[in-house]
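Chemist: model this:
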Amino acid sequence: MTHKTEHKTEQKTAIVTGASRGIGHAVAERFRSLGWRVITVSRGPIPGGCPRSQEHNTHFCMDLSDLSQIGQMVDMLRPMLGESKLHALVNNAGVSPKGPGGSRVNSLTTDMQTWQAMYNTNFFAPLALTRGFAQELSNARGAVVNLCSIAGYRVHPFAGSAYASSKAALASLTREMANDMAPMNVRVNAIAPGEIDTAILSPGTSHIVDTQIPLRRLGTTAEVADLVEFLCSERASYITGAEIPIDGGQRI
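Modeler: Residues are numbered from 1 along each chain as shown. A predicted model of the protein is given here:
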């Protein structure tokens with residue numbers, strides 16, 4: 001007589017910031033479709049038509065530009081992590097203010113308060129969250145994915161100076177964190193989306209598609225979610241410190 005030992009599959013947990021719409025929403029839904037437990041953070045609520053809108057205990061509204069709240073949020077979320085494990089942290093939240101009429105804000109005229117708020121959200125919040133959950137990520141041999149931007153390495157007609165430089169800084173930070181966290185068995189990577197089809201596309205994007213993108217189309221949030229999920233999976237177990245463009249060839 002033989003006895004079969006049943007092994008219960010561990011449910012993985014992901015935290016995704018900026019998850020109420022666009023790329024973050026697509027990433028959260030991708031993890032959810034794979035059976036992950038997904039904890040989301042954003043300034044606004046989840047859209048009412050989304051299945052996650054009924055999961056009130058796993059979505060938290062917070063403005064990540066207020067760094068004083070991040071430590072409190074980490075302390076609040078830590079007890080929710082099963083066996084003190086966090087398998088994926090996706091730092092997606094970002095802000096990119098525009099000038100009058102949607103104009104580009106530059107380095108000479110943007111007030112310092114705007115610079116500070118943008119760096120808080122786009123750069124310091126990912127740093128603070130990764131540091132805050134470092135042990136839980138290590139316990140799970142987890143992965144961090146930072147959402148950078150094509151604006152981080154070339155002047156973009158719509159993204160302003162503060163946004164662009166904050167994303168460039170985040171790309172550099174990704175390499176530093178990958179080096180620092182490798183001994184903890186945590187991988188850290190970044191992706192740099194180009195023009196992605198979301199509700200906040202700027203006027204004039206169609207001209208960029210026609211003149212700068214070899215594939216001659218916008219990317220989709222599902223394609224970005226595919227890449228994020230891959231980087232958080234075992235299929236990417238030997239990838240760390242990378243910044244992967246997803247821009248239809250716009251970089252070349």
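
Chemist: Grab the nearest non-local neighbour of Gly44.
Modeler: Nearest residue to Gly44, sequence neighbours excluded (CB to CB, 6 or more residues apart in numbering): Ser20, at 4.6 Å. Glycine gets a C-beta too; all of them are placed from N, C-alpha and C.

Chemist: same deal with Asn179?
Modeler: Here the residue nearest Asn179, using CB to CB, 6+ apart, is Gly241, at 6.7 Å.

Chemist: So the residue nearest to Gly44: helix, strand or coil?
Modeler: Classification of Ser20 using DSSP: H, G, I helix; E, B strand; the rest coil returns coil.

Chemist: Name all residues that make contact with Pro105.
Modeler: Not Pro; residue 105 is Val. Under the criterion of CB atoms under 8 Å, 6 or more residues apart in numbering, the neighbours of Val105 are 97-99, 114, 160-162.

Chemist: could you point out which element follows the helix or strand harbouring Ala192?
Modeler: For Ala192, the host element (DSSP states H and E) is strand 187-193. Counting by DSSP H and E, the next helix or strand C-terminal to strand 187-193 is helix 205-212.

Chemist: How is Tyr238 assigned, secondary-structure-wise?
Modeler: Here Tyr238 is recorded as coil under three-state DSSP.

Chemist: Number of residues surrounding Leu215?
Modeler: As a burial measure, Leu215 scores 12 neighbours (other CB atoms under 10 Å).

Chemist: do Ile208 as well
Modeler: Residues near Ile208, counting by other CB under 10 Å: 19.
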